[in-house]
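Undergrad: Got a sequence here, can you model it:
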Amino acid sequence: MKRYKLFLLTALFLVAAFGAFAQQRIVLGGRAVPMLADAVYLFPKTSSRVVAFASSDQGLGIFMSAIDPDFKSKERFDKSAGAEVYASFKPDLVILKSMMKNQLKAPLDALGIPQLYLNLETPEQYYEDIATLGKVLGNEKRASEVVSWFASHEASIVSRTSKIEPAKRPKVLIMQLAVSGESVWQVPPDSWIQTIMAERAGGQAVWKGANPGSGWATVSIEQIAAWNPDFVFIISYSGNSSGAAEAFKKDLRLSALKAVRNGSVYGFPLDFYSWDQPDTRWILGFTWLAKRVHPELFADISVARTTREFFSFMYGFDDAMFRTIIQPKIAGDLGEQF
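TA: Numbering: from 1, shown residues only. Below you'll find the predicted structure:
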């Protein structure tokens with residue numbers, strides 16, 4: 001709550017300083033710019049205010065290019081750039097992930113450049129940060145609508161999975177293929193959204209407690225075998241998650257796993273970005289995950305329909321745009337036809 005109040009105070013300060021932001025020049029910088037951009041672009045007409053961004057491509061394209069008609073005219077710069085580079089764009093506001101605060105706040109303050117730091121790491125932080133963006137961008141109504149959309153879709157799942165007894169929750173393992181073409185598997189920390197989604201989807205996150213660090217941690221084949229999960233979900237940020245899942249299933253060292261024997265190893269869905277990460281798409285990944293783990297509970301929910309609704313409501317895609325821009329990029333083991 002204290003953090004949320006601080007965000008609101010920051011937002012109110014920015015609103016007071018820059019009024020309605022009609023002429024605001026926004027720069028998106030630092031690491032994880034796709035997550036920042038996808039949140040900022042939830043607000044119509046904001047694209048015209050973004051004048052520069054730190055270039056970041058996970059390997060499957062940049063979603064901004066599909067939703068910003070002036071994308072090619074935007075200035076790009078390195079994600080590790082210093083304060084002087086930001087100053088060269090004459091920004092009214094720089095938006096960064098909170099992880100960049102220690103590195104950039106002091107030098108940007110010294111140059112008199114206002115900043116807004118967003119967490120965007122958990123569902124709760126998404127709700128807070130979207131509300132903050134609504135205040136800063138002068139569109140609280142849109143922020144409220146977006147938060148309501150996310151919250152209602154999350155609640156429709158949690159209201160069912162929360163009733164599942166602990167003993168009846170299947171063992172779930174979410175891993176990233178860390179090195180393409182090699183069997184190097186990594187698990188996320190307990191606090192990351194992948195762990196949160198696994199538990200709220202009605203599963204037991206078997207890796208919980210195994211990664212005390214602040215980033216992905218490599219796990220051995222022996223550890224995976226000891227966990228013996230009922231479901232395995234494979235992430236590949238820059239490639240074919242379905243192919244990575246097939247490689248996992250064909251590894252003879254893992255042939256005795258319950259998930260392999262039962263055919264319950266799946267590649268996490270993706271389009272421009274994987275749906276497991278703290279991007280606006282987390283709600284799609286969460287919906288898909290819950291339906292994979294508990295299909296009997298969610299027979300009335302269509303991942304394909306939810307995905308179409310998401311891109312329509314969040315980014316204004318009509319059916320033709322969805323079929324042309326998003327659908328060809330959707331990959332992973334969806335289990336449904338689009």
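Undergrad: Residue 152: neighbour count?
TA: Other residues near residue 152 number 9, with proximity taken as other C-beta atoms under 10 Å. Yep, even glycine has a C-beta here, placed from its N, CA and C like the rest.
Undergrad: For residue 28, see how far away residue 111 is.
TA: Using C-beta to C-beta, to the nearest Å, residue 111 is found at 17 Å from residue 28.
Undergrad: Looking at the two, which has the bigger crowd around it?
TA: For the pair residue 111 and residue 28, the greater number of neighbours falls to residue 28 (27 against 11), based on other C-beta under 10 Å.
Undergrad: For beta bridges, what are the partners of the more buried one?
TA: Beta-bridge partners for residue 28, by DSSP bridges, are residue 53, residue 95.
Undergrad: which residues touch it?
TA: Applying C-beta atoms under 8 Å, 6 or more residues apart in numbering to residue 28 gives the contacts 36-37, 40, 50, 52-54, 94-96.
Undergrad: Check what pLDDT residue 184 gets.
TA: Note on residue 184: pLDDT of 88.
Undergrad: Can you tell me, leaving aside adjacent residues, what's nearest to it?
TA: Spatially, and ignoring its direct neighbours in sequence, residue 184 is nearest to residue 178 (4.3 Å; C-beta to C-beta, 6 or more residues apart in numbering).
Undergrad: cool, residue 107 as well?
TA: Nearest to residue 107 is residue 83, by C-beta to C-beta, 6+ apart, at 3.5 Å.
Undergrad: Please name the residues that touch the one you found.
TA: Counting by C-beta under 8 Å, 6+ apart, residue 83 has contacts 104, 107-108, 110-111, 113.
Undergrad: try 6 Å this time
TA: Residue 83 is in contact with 107-108, 111, counting by C-beta atoms under 6 Å, 6 or more residues apart in numbering.
Undergrad: Just the pLDDT for it.
TA: pLDDT recorded at residue 83 is 97.
Undergrad: so the residue nearest the centre of the chain is in which element?
TA: Geometric centre of the chain, nearest residue: residue 279, 2.0 Å, by C-alpha atoms, centre = their mean. Following DSSP states H and E, one finds residue 279 outside all helices and strands.
Undergrad: Check residue 305 too.
TA: Per DSSP H and E: residue 305 is located in helix 303-315.
Undergrad: thinking again about what came up before, quick one, phi psi at the residue nearest to residue 107?
TA: phi -60, psi -30 (degrees, to the nearest 10).
Undergrad: From residue 91, how far off is it?
TA: 11 Å.
Undergrad: what do you get for residue 259?
TA: Going from residue 259 to residue 91 by C-beta to C-beta gives 48 Å.
Undergrad: How about residue 159?
TA: 42 Å.
Undergrad: How about residue 71?
TA: On the measure of C-beta to C-beta, residue 71 and residue 91 end up 18 Å apart.
Undergrad: Settle it for me: which of those two has more neighbours?
TA: The neighbour comparison of residue 71 against residue 91 (other C-beta under 10 Å) goes to residue 91, with 23 against 16.
Undergrad: Sticking with that one, tell me its helix or strand.
TA: Judged by DSSP H and E, residue 91 forms part of no helix or strand.
Undergrad: residue contacts, the closest residue to it other than its chain neighbours?
TA: In space, and not counting its chain neighbours, residue 91 is closest to residue 27: 4.3 Å by C-beta to C-beta, 6+ apart. Shown in contact with residue 27 (C-beta under 6 Å, 6+ apart): 52, 86, 89, 91, 94.
Undergrad: Start and end of stretch 73-90, how far apart?
TA: Taking C-alpha to C-alpha, to the nearest Å, the first and last residues of stretch 73-90 lie 16 Å apart.
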